[in-house]
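**Q** Predicted model and sequence follow; I will ask about them next.
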Amino acid sequence: AWYAGNTFYNIYNKKATNMIHAHWFVATAQLLVGIVWSIVMWTTGLRKAPNLTAADIASCIPIGLCACLAHAGSVLASAVGAVSFAQIVKACEPVFAAVVGLVIPPMDVKPML
């Protein structure tokens, strides 16, 4: 089910970016819709808002930027090549994460339980 949904998502991205020829706009708009959706869910109480300090937010910025670039890369890949190429780029995201994990020194992360 996930693979089929992902394929339809990539086809939609391909059609959208080819229709308006604004690849970065589509990627940015998708991220902004996600931000607005999260804020609505938190403010209505449908989803519990995270309790973050300024230090927590600052520590999330680098990984957030990497996630934004990965998303933009997948949207751009679907725009400039075949949908199958976008599927390959998305499949490479774990490899990208592994390389980042090798480049950035490991930290002791304690999950909040």
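**A** Thanks, I have it.

**Q** Rounded mean pLDDT for the helix or strand containing residue 40, please.
**A** Residue 40 is located in helix 23-44, with elements delineated by DSSP states H and E. What helix 23-44 shows for mean pLDDT is 93.

**Q** Give the other helices and strands that the one helix or strand residue 101 maps to contacts.
**A** Per DSSP H and E, residue 101 falls inside helix 93-103. When contacts are defined as 3 or more C-beta pairs under 8 Å, 6 or more residues apart in numbering; DSSP states H and E, helix 93-103 packs onto helix 54-80. Backbone N, C-alpha and C define where each C-beta goes, glycine included.

**Q** and residue 101, how far is that from residue 95?
**A** 10 Å (C-beta to C-beta, to the nearest Å).

**Q** which outside residues touch the helix holding residue 40?
**A** Identification of contacts with helix 23-44 by C-beta atoms under 8 Å, 6 or more residues apart in numbering yields 13, 16-17, 20, 46-49, 68, 71-72, 75-76, 79-80.

**Q** Make a ChimeraX selection of whichever of those residues turn out to be buried.
**A** Buried residues among the contacts of helix 23-44 (16 or more other C-beta atoms under 10 Å), as a ChimeraX selection:
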select :13,16,17,71,72,75,76,79
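
**Q** Which pair of the contacts of helix 23-44 spans the longest distance?
**A** Within those, 48 and 80 form the most distant pair, 39.3 Å apart (C-beta to C-beta).

**Q** Return the residues in contact with the residue nearest in space to the middle of the chain.
**A** With distances taken as C-alpha atoms, centre = their mean, residue 71 lies nearest the centre of the chain, 4.2 Å away. By C-beta under 8 Å, 6+ apart, the residues touching residue 71 are 27, 30, 31.

**Q** what's around the first one, how many residues?
**A** Each residue near residue 27 was counted by other C-beta atoms under 10 Å, and the total is 21.
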